[in-house]
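Trainee: the following comprises the amino acid sequence and a computationally predicted model.
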Amino acid sequence: MIRRGLIIALFALPAFGQETGRTVDFAPTQILDLQFKITDLSGNPVSEVAGTVQDLQVKEIGNEVRIDLNADVLFDFDKADLLPRAQETLTKAAAIIKERAKGTVQINGHTDSKGDDAYNMKLSDRRANSVRDWFRTKGGLASFHFNTKGFGETQPVAPNTKPDGSDDPEGRQKNRRVEIILTKG
């Protein structure tokens, strides 16, 4: 009985407005174009939310394996001390090195273009050494031979500025990295 009453009510509702001669005006439809922008505490745009940043990328080129580590996952800004959250990423990289490396493992540090060239060169070198030290002491790679080198901002993989000359935070983020290069075993 309740169903029948509900069905009748649904059909009667449109007729109700017609019988009284009233027209029902609905509010005009408005489509909102919502865009959300994520910014850091200084108000600068951030391209990715922390936690969604890809921490590690592996590429095989011929007889080489290249592991790119996102420096924003490994280090705080302007620091070479590894963050606690870096352990998971470094553990993944260590497993690849153990399984695939034959011979010397090269670790290269890179920065973006913010700051003094000489300072960035030293910072990138200290970061490469921090990664090497972690592999030796905590990553189970004490018997492996490592070479480290800091390149500073000299080998960008993305532009640090946009075509109009303004800052490109996404490009700078891609340039802050540590590369591990090994010969496949």
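Mentor: Perfect, I can see it now. Numbers count the residues shown, from 1 in each chain.
Trainee: quick one: the strands in this protein?
Mentor: Per DSSP state E, the chain carries strands over the ranges 56-61, 64-70, 105-110, 146-150, 177-183.
Trainee: which of those strands is buried the deepest?
Mentor: strand 105-110 (a mean of 24; mean count of other CB atoms under 10 Å). Every residue, glycine included, has its C-beta placed from N, CA and C.
Trainee: just want the angle from it to strand 146-150.
Mentor: Inter-element angle recorded for strand 105-110 and strand 146-150: 10 degrees (by axes from the mean of the first three to the mean of the last three CA atoms, to 10 degrees).
Trainee: use 828 as the first number for this chain going forward.
Mentor: Understood, numbering begins at 828; the last thing we discussed is strand 932-937.
Trainee: wait, I923 touches D895, no?
Mentor: No - I923 lies out of contact with D895 (CB atoms under 8 Å); the separation is 11.7 Å.
Trainee: which neighbours do those two have in common?
Mentor: V885 (CB atoms under 8 Å, 6 or more residues apart in numbering).
Trainee: follow-up on the earlier one: Serialize the strands of the chain to JSON lines and add fields for distance to L917.
Mentor: Shown next, in JSON lines, are the strands of the chain (distance: least, CB to CB, whole Å):
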{"stretch": "strand 883-888", "distance to L917": "9"}
{"stretch": "strand 891-897", "distance to L917": "8"}
{"stretch": "strand 932-937", "distance to L917": "11"}
{"stretch": "strand 973-977", "distance to L917": "13"}
{"stretch": "strand 1004-1010", "distance to L917": "10"}
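Trainee: could those go into TSV alongside mean pLDDT?
Mentor: Putting the strands of the chain into TSV (pLDDT from 0 to 100) gives the following:
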stretch	mean pLDDT
strand 883-888	93
strand 891-897	96
strand 932-937	98
strand 973-977	98
strand 1004-1010	97
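Trainee: looking at the protein, which helix or strand is least sure?
Mentor: Here the helix or strand of the chain ranked lowest by mean pLDDT, DSSP states H and E is helix 829-846, holding a mean of 51.
Trainee: roughly how far is the longest helix anywhere in the chain from the heart of the chain?
Mentor: As assigned by DSSP state H, the longest helix anywhere in the chain is helix 944-964. Chain-centre distance of helix 944-964: 20 Å, with CA atoms, centre = their mean, to the nearest Å.
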